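Visitor: Fold the following.
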Amino acid sequence: MKISKPLVEAMVAHAGETYPEECCGLLAGAVGRPTHLYRIQNVHETPKVFYEMAPKEQFYAFKNMRHNGLNLLAIYHSHPESPARPSQSDIRLAYDPEPCYLLISLQQLDQPQVRAYRIVDGAVAEEPLDVL
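Guide: Numbering: from 1, shown residues only. The predicted structure is shown next:
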């Protein structure tokens, strides 16, 4: 996935603001390149280890995408205390094979890591992440 440095910085900032809880959000764009970031509130009852997107905010994001002719390209969330790789629950809950799944690790606060994955039918494949 090709992504601009400002979008990566915005995701990392979002993760830092919600630390020690997980953040979550969506990236959308046209022609396969993300241009819009939608921060979505994590409403899970245990947000330090799981995420669940606020339904109304998620609905608004998809409505806005349709209105602007954008496609969902990535779903992102943070791992405040673990590596930037999908957990078993991340894999189990990856219901849509189309978007890329971006993970932000704050395990080392001074060196956040962002990685991209495709998750299809439980199979995980890391994808190159080109920050432009």
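Visitor: residue nearest the centroid of the protein?
Guide: For the chain, the residue nearest the mean C-alpha position is residue 76 (0.3 Å; Cα atoms, centre = their mean).
Visitor: for it, which residues make a bridge with it?
Guide: residue 25, residue 102 (DSSP bridges).
Visitor: Check the gap between it and residue 108 for me.
Guide: Residue 76 sits 18 Å away from residue 108 when distances are taken as Cβ to Cβ, to the nearest Å. The C-beta positions use only the backbone N, C-alpha and C, and glycine is treated the same way.
Visitor: likewise residue 19?
Guide: Residue 19 sits 12 Å away from residue 108 when distances are taken as Cβ to Cβ.
Visitor: who's more crowded, those two?
Guide: Counted by other Cβ atoms under 10 Å, residue 19 and residue 108 do not tie: residue 19 has more neighbours, with 16 against 9.
Visitor: pretty sure that one is touching residue 106, no?
Guide: Yes: with contact defined as Cβ atoms under 8 Å, residue 19 and residue 106 form a contacting pair (5.7 Å).
Visitor: any residues in contact with both of those two?
Guide: Each of 78, 80 lies in contact with both residue 19 and residue 106 under the rule Cβ atoms under 8 Å, 6 or more residues apart in numbering.
Visitor: helix or strand for residue 35, which one?
Guide: Per DSSP states H and E, residue 35 falls inside strand 33-40.
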